[in-house]
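Peer 1: After the sequence you'll find the predicted model.
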Amino acid sequence: MEIDPNSKMKVIAELTYSVLGVEGTSVSRYIKKAVKVIDSFAEIRTLHHPMGTIIEADDIDTIFKVVKKGHEVLFDEGIQRVVTHL
């Protein structure tokens with residue numbers, strides 16, 4: 001199989017945030033805020049599913065920027081520990 005030299009490669013990553021140290025068992029209110037931040041990036045394509053989000057971007061730096069912003073919003077909500085799986 002030949003790769004078209006004129007086609008642009010894409011980066012695809014799967015992202016999951018796990019928040020620790022919250023009161024109770026529900027974390028949806030925190031994750032919703034991170035999802036909202038992720039969705040604010042017009043230059044990416046996403047597919048949200050029950051265990052995380054698949055992100056497609058033109059380069060790895062964009063992926064890292066999105067992950068970082070989502071991570072930061074969780075800390076802004078008072079979460080003290082966030083585990084990010086990428």
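Peer 2: Ah, there it is.

Peer 1: CA atoms for contacts and neighbours, from now on please.
Peer 2: OK.

Peer 1: how far is the lengthiest helix in the chain from where the chain is centred?
Peer 2: Taking DSSP state H as the criterion, the chain has its longest helix at helix 60-76. Relative to its chain's centre, helix 60-76 lies at 7 Å (Cα atoms, centre = their mean, to the nearest Å).

Peer 1: and that helix, which residues are buried?
Peer 2: 62, 63, 66, 67, 70, 71, 73, 74 (16 or more other Cα atoms under 10 Å).

Peer 1: next helix or strand past it?
Peer 2: strand 81-85 (DSSP states H and E).

Peer 1: what does the average pLDDT come to for that next one?
Peer 2: Strand 81-85 shows a mean pLDDT of 93 in the predicted model.

Peer 1: Tell me what angle it forms with helix 60-76.
Peer 2: 160 degrees (axes from the mean of the first three to the mean of the last three Cα atoms, to 10 degrees).

Peer 1: Strand 81-85 pairs with which strands, and in what direction?
Peer 2: Partners of strand 81-85 in the sheet, by DSSP bridges, are strand 11-20 (antiparallel).

Peer 1: ok, residue 37 to residue 8 distance?
Peer 2: Distance, residue 37 to residue 8, by Cα to Cα, to the nearest Å: 26 Å.

Peer 1: again with residue 74
Peer 2: Distance from residue 74 to residue 8, by Cα to Cα: 33 Å.

Peer 1: Specify the local secondary structure of residue 41.
Peer 2: Under DSSP: H, G, I helix; E, B strand; the rest coil, residue 41 falls in the coil class.
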